[in-house]
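> Build me a model:
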Amino acid sequence: MIFADKLKKERKEKGWSQEELAEKLFVSRQSVSKWENGLNYPSIEIIIKLSDLFGVTIDELLRSDEELTEKVIQDSKQLAHPKLKFLFDVLFLLGVALLIIKLAVLLLNKFTALDFTLYGGSFIWNFGSLIFMIAAGIGSGVLKEKYKQE
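Numbering: from 1, shown residues only. Have a look, this model is predicted:
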């Protein structure tokens, strides 16, 4: 039995209208209608709520439809590496910040009577931003390719 049929059957066994089920799930009636007509699939969070409402296992809902199972797997892959993506974003922003600070100090020293010194060594200020931004770009690229392969 495909998910759409299973959903409709379970809803009717409970004696609920699409509107009543939608209210219990905090979604629109149109969403329930689309699920029951096989036009769309719910998120994993909704599938868990449906499992609880109908007193069936998540496995019963997922295994009833290969396409739904594949959608849940794909959705979970999108969330598989958020911490790594965040790390690469932070590295990139750190590189940009170093570059902006260096440029600001150079411009202030050139066009004003101020004389700021960049502490920490010339290597960090000359190549740090480049290294951070390249590392972030490579890391993001590797992560993106890994996601495509999965």
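> which other helices and strands contact the lengthiest helix in the chain?
Of all the segments assigned as helix in the chain under DSSP state H, the longest by residue count is helix 82-111. In terms of contacts (3 or more CB pairs under 8 Å, 6 or more residues apart in numbering; DSSP states H and E), helix 82-111 is packed against helix 122-149. C-beta coordinates here come from the backbone N, C-alpha and C atoms, glycine included.
> Run the chain-centre distance for the helix it packs on.
Centroid separation for helix 122-149 versus its chain: 20 Å, with CA atoms, centre = their mean, to the nearest Å.
> same for the helix or strand of the chain with the lowest mean pLDDT, what does it pack against?
For the chain, the helix or strand with the lowest mean confidence is helix 66-78, at a mean of 77 (criterion: mean pLDDT, DSSP states H and E). In this structure, helix 66-78 makes packing contacts with helix 44-54, helix 58-62, judged by 3+ CB pairs under 8 Å, 6+ apart.
> now the longest helix of the chain against helix 122-149, angle please.
Computed by axes from the mean of the first three to the mean of the last three CA atoms, to 10 degrees, the angle separating helix 82-111 from helix 122-149 equals 150 degrees.
> buried set for the least confident helix or strand of the chain?
Along helix 66-78, these residues count as buried under the neighbour rule (16 or more other CB atoms under 10 Å): 68-69, 71-72.
> contacts for it?
Counting by CB atoms under 8 Å, 6 or more residues apart in numbering, helix 66-78 makes contact with 3, 41, 43-44, 47, 61-63, 147, 150, all of which sit outside it.
> Give me the buried entries from those residues.
Using 16+ other CB under 10 Å, the buried ones in the contacts of helix 66-78 are 3, 41, 44, 47, 61-62.
> I am finished for the moment; much appreciated.
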